[in-house]
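A.B. asks: I'll drop the sequence and a predicted model, then ask my questions.
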Amino acid sequence: MGLPITLSEIAPRISAGAFILNSGLGKRGADEEAAAGMHGFASGTYPFLASVPPQQFAKALSTAEIAVGAALLTPFVPTAVAGAALTAFSGGLLGLYLKTPGMRKEGSLAPTEQGLAIAKDSWLLGIGIGLLVRGTIDREPRRVRKAAKTLDKANKRAAKARKRLGD
């Protein structure tokens with residue numbers, strides 16, 4: 001049995017996975033000031049996070065990024081699972097971009113100077129959706145093709161055996 005990923009999935013998984021894993025590792029030892037900054041930014045957009053202490057938030061964010069990055073980099077994690085994790089994570093990041101005042105130009109999706117860093121995370125959403133689709137929709141035809149090849153080989157062997165018996 002082969003890996004649950006294809007060659008075409010390796011590059012996007014490595015690029016997104018390495019980026020997110022590095023980000024999570026960088027946040028792992030966040031000091032109080034950095035944790036408060038991350039927490040303040042996120043809780044301003046997602047009010048339910050206000051009740052979470054900043055250090056706990058930073059640790060959870062770090063852990064989530066490490067988990068998503070590791071899932072993308074681990075070839076044994078099915079592409080649909082890794083794609084779903086990346087899509088959910090990057091969707092949260094883009095929510096920050098869309099809902100935080102000052103991130104976008106007035107009446108536009110175009111980023112302001114402050115929003116540019118987060119707007120760039122749209123590539124993660126694109127990769128996540130692509131992996132999710134590839135991991136769900138494209139799998140069944142490959143199984144069908146594999147089964148057809150197996151059946152074709154069996155038919156060829158049967159034809160050879162009939163020919164030998166008939167000779």
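C.D. replies: That came through, no problem. Numbers count the residues shown, from 1 in each chain.

A.B. asks: contacts and neighbour counts: CA atoms only from here.
C.D. replies: Fine.

A.B. asks: Look up phi and psi at residue 111.
C.D. replies: With angles defined as degrees, to the nearest 10, residue 111 sits at phi -80, psi 150.

A.B. asks: So in terms of bridging, what pairs with it?
C.D. replies: Counting by DSSP bridges, residue 111 forms beta bridges with residue 104.

A.B. asks: tell me the domain ranges of this protein?
C.D. replies: Using automatic domain parsing, the domain parsing of the chain gives 7-136, 140-167.

A.B. asks: Lowest mean pLDDT across those, which one is that?
C.D. replies: Of all the domains of the chain, the minimum mean pLDDT falls on domain 140-167 (a mean of 73).

A.B. asks: picking that back up, got TSV for the domains of the chain, with mean neighbour count too?
C.D. replies: Shown next, in TSV, are these (neighbours: other Cα atoms under 10 Å):
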stretch	mean neighbour count
domain 7-136	18
domain 140-167	11
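
A.B. asks: List the residues that contact residue 147.
C.D. replies: Residues counted as contacts of residue 147 (Cα atoms under 8 Å, 6 or more residues apart in numbering): none.

A.B. asks: In which helix or strand does it reside?
C.D. replies: Following DSSP states H and E, one finds residue 147 within helix 139-166.

A.B. asks: how far is that helix from where the chain is centred?
C.D. replies: Helix 139-166 has its C-alpha centroid displaced from the chain centroid by 37 Å (Cα atoms, centre = their mean, to the nearest Å).

A.B. asks: cool, and stretch 99-109?
C.D. replies: Distance of stretch 99-109 from its chain centroid, counting by Cα atoms, centre = their mean, is 25 Å.

A.B. asks: quick one: contacts of it?
C.D. replies: Residues contacting stretch 99-109 (Cα under 8 Å, 6+ apart): 44, 45, 97, 98, 110, 111, 112, 113, 114, 115, 116.

A.B. asks: Check those and tell me the two furthest apart.
C.D. replies: Greatest spacing in the contacts of stretch 99-109, by Cα to Cα: 44 and 110 (20.7 Å).

A.B. asks: Surely residue 55 touches residue 35?
C.D. replies: Yes. The pair residue 55 / residue 35 is scored as a contact, 5.5 Å apart, by Cα atoms under 8 Å.

A.B. asks: Spatially nearest residue to the residue positioned nearest the centre of the chain, not counting backbone neighbours?
C.D. replies: The centre of the chain sits closest to residue 86, judged by Cα atoms, centre = their mean, with a distance of 2.4 Å. Of all residues not flanking residue 86 in the chain, residue 128 sits nearest, at 4.9 Å (Cα to Cα, 6 or more residues apart in numbering).
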